[in-house]
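3D, please:
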Amino acid sequence: MKTDRSMIKAKIGAVMILISLFCMPLANVKPNRVSRGIQLWSYDFFSPLQWAIAGVIMILLMIYAFHKGRIFGYISILLPALTLFAVSSVKIIGSPGPSRISPGSGFWIILLSAFLIGSTLNRKEVVLAVTMLLIFIPPIAGLTPQLALYKEFINLRSIFAAELNRHVVLALSSAALAVIPGIALGYWCHRNKKSRPWIFGFVNFFQVAPTLSLLGLIMIPLTALSVRFAILSDLGIRGIGFAPAFIVLFLYCLLPVTANACAGFDQVDDDVLLSAAAMGMTPGSILFKVRFPLASPVIISGIRTAVTQNIGNTILAGLIGGGGMGSLIFLGLSQ
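This next block holds a predicted model:
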């Protein structure tokens with residue numbers, strides 16, 4: 001069953017690659033950032049003869065993919081990098097000023113197809129990592145000087161590094177601060193069944209509330225406190241900036257950590273605890289030497305979930321002056 005499913009995914013990926021190469025634009029060329037630009041298709045890179053040869057090769061690979069698929073799968077992970085290099089190296093005759101080339105819809109479908117096919121191969125994690133690494137090689141080697149993303153990175157590399165550092169610090173520090181209270185709340189839920197609905201209701205409220213709404217709610221009391229107590233404003237605790245983003249991200253991390261901690265403590269076998277008590281271990285020793293080690297795999301899973309969601313939620317900090325990659329994302333969207 002698994003092999004059949006993998007073959008279906010490989011065939012779908014192969015068809016998507018064929019459609020993308022010959023039926024979708026691979027790039028968009030602009031003389032500057034704000035111009036509309038023109039679209040480039042595969043036949044803009046090849047002569048008719050080369051285009052025909054490439055088509056025959058792709059059809060043969062398609063036929064092979066429908067029967068065996070493995071060689072085509074390993075070839076397909078090279079296609080995104082080769083496509084990116086091809087579209088970013090093209091010279092547009094008569095283009096006014098320096099060209100800025102952005103990957104088109106065809107490139108993104110090829111990348112998605114490569115991931116789809118790569119997921120069917122052995123050691124798929126390594127294959128997918130290699131696929132992404134190959135995409136970064138042409139820009140790092142300076143082989144794609146006309147690529148719009150590369151030009152933007154060169155122009156903003158100092159800001160990029162600072163915002164990336166702020167993004168990582170904000171996401172990881174707020175998640176780290178939520179670990180101890182989350183585990184404590186999870187253990188409290190495990191020991192006191194009657195308090196479980198109240199605690200989960202409390203931490204669920206922050207997860208259910210939209211992030212932007214929660215940011216707005218937190219900004220109001222922080223603004224009032226910073227106006228009332230000047231020392232808070234001097235410490236950087238204001239209605240906008242790092243503080244409200246940190247508090248909201250911390251609150252969002254409580255649910256996955258608390259829920260997994262409670263589940264982890266619940267799944268510890270009572271017979272193991274009775275054996276530990278029979279050996280003369282104190283309640284504290286049982287907690288730290290028996291309960292916690294046995295529950296730690298589930299707890300770590302919750303922490304991983306909290307960190308993963310924090311990396312995404314931190315983007316919204318850019319809307320309230322909290323910095324991070326959201327600042328660059330929203331700047332790009334506004335332009």
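
in the chain, which helix or strand is least confident?
Lowest mean confidence among the helices and strands of the chain (mean pLDDT, DSSP states H and E): helix 48-67, at a mean of 63.

show me where the stretch 101-250 of the chain has helices.
With helices called from DSSP state H, counting those that start in this stretch, the stretch 101-250 of the chain shows them at 105-118, 124-140, 148-177, 179-191, 196-208, 211-228, 230-234, 242-266.

What's the local residue count around the residue nearest to Gly182 when sequence neighbours are not counted?
Using C-beta to C-beta, 6 or more residues apart in numbering and skipping residues adjacent in sequence, the residue nearest Gly182 is Val257, 2.8 Å away. All C-beta spots, glycine's among them, are computed from the backbone N, C-alpha and C. Using other C-beta atoms under 10 Å, Val257 has 26 neighbouring residues.

what about Ala81, distance to Leu111?
10 Å (C-beta to C-beta, to the nearest Å).

list residues touching both of these two?
Common contacts of Ala81 and Leu111, defined by C-beta atoms under 8 Å, 6 or more residues apart in numbering, comprise Thr131, Ile135.

Now do the same contact list for the residue nearest to Gly182.
Val257 touches Ala178, Val179, Gly182, Ile183, Gly186, Ile299, Gly302, Ile303, Ala306, counting by C-beta under 8 Å, 6+ apart.

and Gly13, how far is that from Ser113?
Between Gly13 and Ser113 the computed distance is 4 Å (C-beta to C-beta).

between those two, what contacts are shared?
Common contacts of Gly13 and Ser113 (C-beta under 8 Å, 6+ apart): Ser76.

coming back round to it: any chance of the contacts of Val257 in a markdown table, with pLDDT and neighbour count too?
Shown next, in a markdown table, are these (pLDDT from 0 to 100; neighbours: other C-beta atoms under 10 Å):
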| residue | pLDDT | neighbour count |
| --- | --- | --- |
| Ala178 | 91 | 27 |
| Val179 | 92 | 19 |
| Gly182 | 92 | 27 |
| Ile183 | 92 | 23 |
| Gly186 | 91 | 29 |
| Ile299 | 92 | 22 |
| Gly302 | 91 | 25 |
| Ile303 | 93 | 21 |
| Ala306 | 91 | 26 |
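
with the residues you listed in mind, which one is nearest to Cys262?
Gly186 (4.1 Å; C-beta to C-beta).

didn't that closest one look like it was pressed against Leu255?
No - look at Gly186 against Leu255 with C-beta atoms under 8 Å: they stay out of range, at 10.4 Å.

And the contacts of whichever helix or strand Val29 is part of?
Using DSSP states H and E, Val29 maps to strand 27-30. Contacts with strand 27-30, where a contact means C-beta under 8 Å, 6+ apart, come from 36-40, 87-88, 90, 92, 95, 99-104, 107, 148.

how far is it from where the chain is centred?
Its chain's average C-alpha position is 26 Å from that of strand 27-30, according to C-alpha atoms, centre = their mean, to the nearest Å.

other SSEs contacting the next helix or strand after it?
Using DSSP H and E, the helix or strand that follows strand 27-30 in sequence is strand 38-40. Judged by 3 or more C-beta pairs under 8 Å, 6 or more residues apart in numbering; DSSP states H and E, the packing partners of strand 38-40 are strand 27-30.

buried stuff in the strand it packs on?
Across strand 27-30, burial judged by 16 or more other C-beta atoms under 10 Å covers Ala27, Asn28, Val29, Lys30.

could you redo those residues as JSON lines and give each row distance to Gly239 and pLDDT?
Putting the buried residues of strand 27-30 into JSON lines (distance: C-beta to C-beta, whole Å; pLDDT from 0 to 100) gives the following:
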{"residue": "Ala27", "distance to Gly239": "44", "pLDDT": "82"}
{"residue": "Asn28", "distance to Gly239": "40", "pLDDT": "82"}
{"residue": "Val29", "distance to Gly239": "44", "pLDDT": "81"}
{"residue": "Lys30", "distance to Gly239": "39", "pLDDT": "78"}
